[in-house]
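> Structure, please.
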Amino acid sequence: MALEKSDVENIAHLARLAIGEEDIPAYAENLSNILSLVEQMSSVDTSGVTPMAHPLDMAQRLREDVVSEPNQREHLQAHAPAVENGLFLVPKVIE
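Numbers count the residues shown, from 1 in each chain. Okay, the predicted model is just below:
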């Protein structure tokens, strides 16, 4: 899929990017190459492939879940402007 100058200008506008007039042909070629690669990848039959989260079959090394610091809730909440039932109260930001 070959992108034209107007396509690149529209993409740049949507992405809020300033692209110089002399750079548009290079962007058009690079974006067209990316879209071509995606089109190639989409044409591959993956019906027998099991989805995976990571290409390596490895177990995550996890550390022991142990308490490493003392509970300082009362000390920290003593300096808070508003606390209720052990929770910090904050102004509502979403209506």
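> any idea which helix or strand carries T46?
Counting by DSSP states H and E, no helix or strand carries T46.
> For the top helix by length along the chain, buried residues please.
Looking across the chain with DSSP state H, the single longest helix is helix 24-42. Buried residues in helix 24-42, counted by 16 or more other C-beta atoms under 10 Å: I24, Y27, A28, L31, S32. Yep, even glycine has a C-beta here, placed from its N, CA and C like the rest.
> distance of the fourth one from E22?
When distances are taken as C-beta to C-beta, to the nearest Å, L31 and E22 turn out to be 16 Å apart.
> do the same with the last one
Using C-beta to C-beta, one gets 18 Å for the distance from S32 to E22.
> these two touch, right, M1 and S32?
Yes. Between M1 and S32 there is a contact under C-beta atoms under 8 Å: 6.2 Å.
> Packing partners of the longest helix of the chain?
If you count contacts as 3 or more C-beta pairs under 8 Å, 6 or more residues apart in numbering; DSSP states H and E, helix 24-42 packs onto helix 5-14.
> Kindly calculate the angle that the helix it packs on makes with helix 24-42.
Using axes from the mean of the first three to the mean of the last three C-alpha atoms, to 10 degrees, the inter-axis angle of helix 5-14 relative to helix 24-42 is 90 degrees.
> got the contact list for helix 5-14?
L3, A18, I19, I24, P25, Y27, A28, L31 (C-beta atoms under 8 Å, 6 or more residues apart in numbering).
> Leaving aside the residues adjacent along the chain, what's closest to the second one?
If I follow you right, that is A18. A12 (7.4 Å; C-beta to C-beta, 6 or more residues apart in numbering).
> Thank you, goodbye.
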